[in-house]
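> what follows is a predicted structure for the sequence shown.
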Amino acid sequence: MFNKTNSSSSSAPSAPDMPAKKTSTPTRSAAVPSIFGSDIVITGDIKTDGHIQIDGRLDGNIHAGNVTIGEKGAVNGKVVATAVHIRGKVTGKIEADIVDLSETANVQADLVQDQLMIANGAFFDGKCTRKSGVTASAKSSKKPA
């Protein structure tokens, strides 16, 4: 009546299935961005470790893992992230390892970055500063006169 072979025919989930569900949750949250639609206006700061996409308007600062500003998106404030991809408008300051300005970007900001890509047609007005400073190979190639 209570033997081990009957427990496998039960329709209830077994204990080994539960850990698989827990491991899939962090992967999903890291891959799916938080998207703010074109009809949203935010006044205040946003802070997250994940990805964020702004298609509306933000009057405030962003601190995130990756930031994407959509074509109709606008940010007035400071953006701090690992990577920033801009297709819309940013006014303020941007600090990131990678900054990518597409052909529709309109950026009036100072940039602090390690890698900068500016597409043909992008508008940029500001100052660029390399985050890591002068590389060791560039220092060694300079010789005193």
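Perfect, thanks for sending it. Residues are numbered from 1 along each chain as shown.
> so which residues of the chain form strands?
Ranges of strands in the chain, per DSSP state E, are 34-36, 41-43, 46-47, 51-54, 57-59, 62-63, 66-69, 74-86, 89-101, 106-118, 123-124, 128-130.
> grab the nearest non-local neighbour of residue 56.
In space, and not counting its chain neighbours, residue 56 is closest to residue 40: 3.7 Å by C-beta to C-beta, 6 or more residues apart in numbering. To be clear about C-beta, it is placed using only N, CA and C from the backbone, and glycine gets the same treatment.
> list phi and psi for that neighbour.
phi -100, psi 130 (degrees, to the nearest 10).
> for stretch 39-51, buried residues please.
By 16 or more other C-beta atoms under 10 Å, the buried positions in stretch 39-51 come out as 46, 51.
> oh, that last question was meant for stretch 116-132, not what I typed.
118, 122, 124.
> again, but for stretch 81-90
Neighbour-count burial for stretch 81-90 [16+ other C-beta under 10 Å]: 81, 83-90.
> what does stretch 100-109 give?
For stretch 100-109, by 16+ other C-beta under 10 Å, it's 100-102, 104-107, 109.
> then it to PDB, C-alphas only?
As requested, the backbone C-alpha atoms of stretch 100-109 are provided in PDB (Å, rounded to 0.1, in the frame of the first residue of the first chain):
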ATOM      1  CA  ASP A 100      27.300  54.000 -28.000                       C
ATOM      2  CA  LEU A 101      25.700  56.900 -29.800                       C
ATOM      3  CA  SER A 102      23.500  55.800 -32.700                       C
ATOM      4  CA  GLU A 103      22.700  57.900 -35.800                       C
ATOM      5  CA  THR A 104      19.500  59.300 -34.100                       C
ATOM      6  CA  ALA A 105      21.300  60.200 -30.800                       C
ATOM      7  CA  ASN A 106      21.200  63.800 -29.500                       C
ATOM      8  CA  VAL A 107      23.600  64.100 -26.600                       C
ATOM      9  CA  GLN A 108      24.500  67.300 -24.800                       C
ATOM     10  CA  ALA A 109      26.600  65.800 -22.000                       C
END
